[in-house]
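Novice: quick one, fold the following:
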Amino acid sequence: MPPADTDDEGLTERTDCFACRHFYITHAPPFPYGCRRIGFQSRQLPCVEVRSVSGTTCSCFSPKERMEGNP
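Specialist: Residues are numbered from 1 along each chain as shown. The predicted structure follows:
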């Protein structure tokens, strides 16, 4: 069985929601994660939901801007 962050061909294709500017924590226990770009809340990370529904990686990923002084 391939690791969770690989697709069926064994290629690593993982979108890190925590590094995306559209990701947020909802603080709602039933649906703790959200995506502002797509406009939904979920029990799983939005990138996992997108992958399970569409079969592809999230195309809305946009990296957060790093603050000056942070590595």
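
Novice: residue 21 against residue 65, yeah?
Specialist: Yes - contact status for residue 21 versus residue 65: in contact at 7.3 Å, counting by Cβ atoms under 8 Å. The way it works is simple: take the backbone N, C-alpha and C, and place the C-beta from them, glycine included.

Novice: the two: which is more packed in?
Specialist: residue 21 (13 against 7; other Cβ atoms under 10 Å).

Novice: now that one: how far from residue 58?
Specialist: As judged by Cβ to Cβ, to the nearest Å, residue 21 and residue 58 stand 12 Å apart.

Novice: quick one: residues in contact with stretch 64-71.
Specialist: 19, 20, 21 (Cβ atoms under 8 Å, 6 or more residues apart in numbering).

Novice: if we use 10 Å, what do you get?
Specialist: 18, 19, 20, 21, 22, 23 (Cβ atoms under 10 Å, 6 or more residues apart in numbering).

Novice: from those, list the buried ones, please.
Specialist: 20, 22, 23 (16 or more other Cβ atoms under 10 Å).

Novice: switch the contacts of stretch 64-71 over to a markdown table; also include secondary structure and pLDDT.
Specialist: A markdown table is the format used below for the contacts of stretch 64-71 (DSSP: H, G, I helix; E, B strand; the rest coil; pLDDT from 0 to 100):
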| residue | secondary structure | pLDDT |
| --- | --- | --- |
| 18 | helix | 94 |
| 19 | helix | 94 |
| 20 | strand | 95 |
| 21 | coil | 96 |
| 22 | coil | 97 |
| 23 | strand | 97 |
